[in-house]
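Novice: From the sequence below, what's the structure:
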Amino acid sequence: MRKVFPILCAAGLSSLLFLAACSSKKSAKNENLTTMNPDLTMLVGTYTSGSSEGLYSFRFNQDTGKSTALSHAKVENPSYLTLSPDGAFVYAVSELGDDRAAVYAFAFDQLDGTFRLLGSQKTGGADPCYIISTGKYVVTANYSGGSISTFPVSKDGSLLPADAVIKFSGSGADPERQSQPHLHCVRITPDGKYLLADDLGTDQIHKFLLNAKADASNKDSLLTAANPSAISVAPGSGPRHLIFSANGHHAYLISELSGAVTAFDYNDGQLAELQTIQADTVDARGSADIHLSPDGRFLYASNRLKADGIAIFSVSPSKGTLTKVGYQLTGIHPRNFILTPNGRYLLVACRDSNVIQVFERNPDTGLLTEKPDAAIPLNMPVCIRWVL
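Specialist: So this is what the prediction gives:
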């Protein structure tokens, strides 16, 4: 039976490790191999109100920046997607604002880029917009539902019904944009102990302990609220996406409404603010995505609604603080972007320009140069992922 419970539950578990060390080593090994292999498999999620049919796969050459279309799968509004740790399964949200909101599971053939539908499950929260996979569980952030949902993974990669829908309450300083909770990101901390959930609507990052023993067979709860159960950020900022440095010592948050990037020290579930610096300097109130270069020397953050583009920051190797070094204009509405594992290219999903732009990256300055002959035309692209 699915459990629906509020955030104000008591913390009851001690600190738990969630991701096995062998999984981390495997991921690192796969990424190292990928930096040497010029051909990558790329997955793209789209909105389907136009001509797009859903999920798409491509072969991308990270030496030339050129791509070749492979296959596609029909899903309504797969606006965010993730892969199982071994790359054998793809999980995609279906971002719908009613009780049809769901997450879809596919078996994925990396050789030919084809998808085989395994099934779907309702999220129990409207407009799921972010999804992660641990191998044992899939977790979604449900924007309009003001909730996160957890799904046990079966042995065949399919999903069981949500065993918990965790609903939040409250509001933020902006009466128009923050009248209720809006969950926009879920992220596992580098130490594997916690799950953090960014709430754009209440200016909080909710924090949970992770149960390493939870899986489809034992029906243990994956999440228990930590103490404290949330980390507050600047009122009216609208926290959106959170990332961690490769060494796990720092975290970086992009806030949609304030357009600011906040740098934190991270230690055992604690975020200590180091710095706040503007990515959006024109008050567009539409900042979206954030990523570090593979070498950790540069940070990139996308902005929409005005001066659509990518803010570029250098990263202090000792302190983790940021210095703005440039700004690259892009197509319209750069909701999501990604860097190649070798750091040579940055790809931007420009939703309203119906294109994935390809930019070559200068490894010394971090600056970007568009490669127009490599652009990928596609209706309303909004999410890009590598199969590593």
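Novice: so how far does stretch 319-338 reach from one end to the other?
Specialist: Stretch 319-338 has an end-to-end distance of 24 Å (C-alpha to C-alpha, to the nearest Å).
Novice: Buried residues, it. List them.
Specialist: Across stretch 319-338, burial judged by 16 or more other C-beta atoms under 10 Å covers 320, 322, 324, 326, 328, 330-331, 333-338. Any C-beta I mention is one placed from the backbone N, CA and C, and that applies to glycine too.
Novice: State the distance from Phe89 to Ser237.
Specialist: 35 Å (C-beta to C-beta, to the nearest Å).
Novice: looking at the chain, which helix or strand is least sure?
Specialist: strand 3-6 (a mean of 40; mean pLDDT, DSSP states H and E).
Novice: got the residue ranges for the helices in the stretch 201-350 of the chain?
Specialist: For the stretch 201-350 of the chain, applying DSSP state H, counting those that start in this stretch gives no helices.
Novice: where do the strands sit along it?
Specialist: In the stretch 201-350 of the chain, the segments counted as strands under DSSP state E, counting those that start in this stretch are 204-210, 223-232, 239-244, 250-255, 260-267, 270-278, 287-292, 298-303, 309-315, 322-329, 334-339, 345-350.
Novice: ok, Trp88 - contacts?
Specialist: Let me fix one detail, which is that residue 88 is Ala and not Trp. Counting by C-beta atoms under 8 Å, 6 or more residues apart in numbering, Ala88 touches 107-108, 157.
Novice: any idea which of these has the most stuff around it?
Specialist: Among the contacts of Ala88, the one with the most neighbours (other C-beta atoms under 10 Å) is Phe108, at 24 neighbours.
Novice: per-residue pLDDT, that residue?
Specialist: Looking at Phe108, its pLDDT stands at 98.
Novice: Run a quick check on it versus Asp86, I expect a contact.
Specialist: No. Applying C-beta atoms under 8 Å as the test, Phe108 and Asp86 come out as separate, 10.1 Å apart.
Novice: List the buried residues in stretch 297-313.
Specialist: Under 16+ other C-beta under 10 Å, the buried positions of stretch 297-313 are 297-305, 308-313.
Novice: picking up where we left off before, out of the buried residues of stretch 319-338, the closest to His250 would be?
Specialist: Gly320 (3.7 Å; C-beta to C-beta).
Novice: Who are the contact partners of that closest one?
Specialist: If you count contacts by C-beta under 8 Å, 6+ apart, Gly320 has them with 245, 249-250, 263, 265, 274.
Novice: just the buried members of those?
Specialist: 245, 250, 263, 274.
Novice: any idea where the strands of the stretch 1-150 of the chain begin and end?
Specialist: Taking DSSP E, counting those that start in this stretch to define them, one finds strands in the stretch 1-150 of the chain at 3-6, 39-46, 54-61, 67-74, 81-83, 89-94, 102-109, 114-122, 128-133, 137-142, 147-152.
Novice: Output those as TSV; include the columns distance to Met380.
Specialist: Listed next are the strands of the stretch 1-150 of the chain as TSV, based on distance: least, C-beta to C-beta, whole Å:
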stretch	distance to Met380
strand 3-6	32
strand 39-46	5
strand 54-61	11
strand 67-74	14
strand 81-83	14
strand 89-94	14
strand 102-109	18
strand 114-122	19
strand 128-133	14
strand 137-142	20
strand 147-152	24
